[in-house]
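Undergrad: The sequence isn't on hand, but the structure is:
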């Protein structure tokens, strides 16, 4: 499973790898976008909400063998948004640990792509979602794809 967090949404990609190492996007036509509920402004509420959502996804997908998390790549700015994204990433790491699922964090360099190319690379490697296609789900797809040999 590949995951990409953002301050307003959570994106995840479930990848299935067959015996010939062919990959498919299991949730291309189903849930891949979870938005932070409107009106939820408190950091602790958002973190608790995301933890519940990650736990639910893991419970509903018992065959997840590993999680690949595309983490934010921040410059020198320390904005409220980038701090929240880092907290969201930490929640995913905690949920994986509690579920005894191996997790790795990845940045674009480790995924052999760049932000401007990630949508193209995700589509070429696995495919795309039917709805809500954006860079965040492409990040999740490419991250999941990178773990196919691990």
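TA: Happy to help now that I have it. These numbers come from a predicted model, not from an experiment. Numbering: from 1, shown residues only.
Undergrad: tell me the residue furthest from the middle of the protein?
TA: residue 20 (24.6 Å; C-alpha atoms, centre = their mean).
Undergrad: all helices for the protein, in order.
TA: 43-60, 80-98, 118-125, 135-146 (DSSP state H).
Undergrad: Of those, flag the one that's most buried.
TA: helix 135-146 (a mean of 27; mean count of other C-beta atoms under 10 Å). No exception for glycine: its C-beta is placed from N, CA and C like everyone else's.
Undergrad: one step back: tell me which of the helices of the chain approaches residue 16 most closely.
TA: helix 135-146 (9.8 Å; C-beta to C-beta).
Undergrad: could you say what helices and strands that closest one packs with?
TA: If you count contacts as 3 or more C-beta pairs under 8 Å, 6 or more residues apart in numbering; DSSP states H and E, helix 135-146 packs onto strand 2-6, strand 9-13, strand 15-17, strand 67-70, helix 118-125.
Undergrad: All good on my end, thank you.
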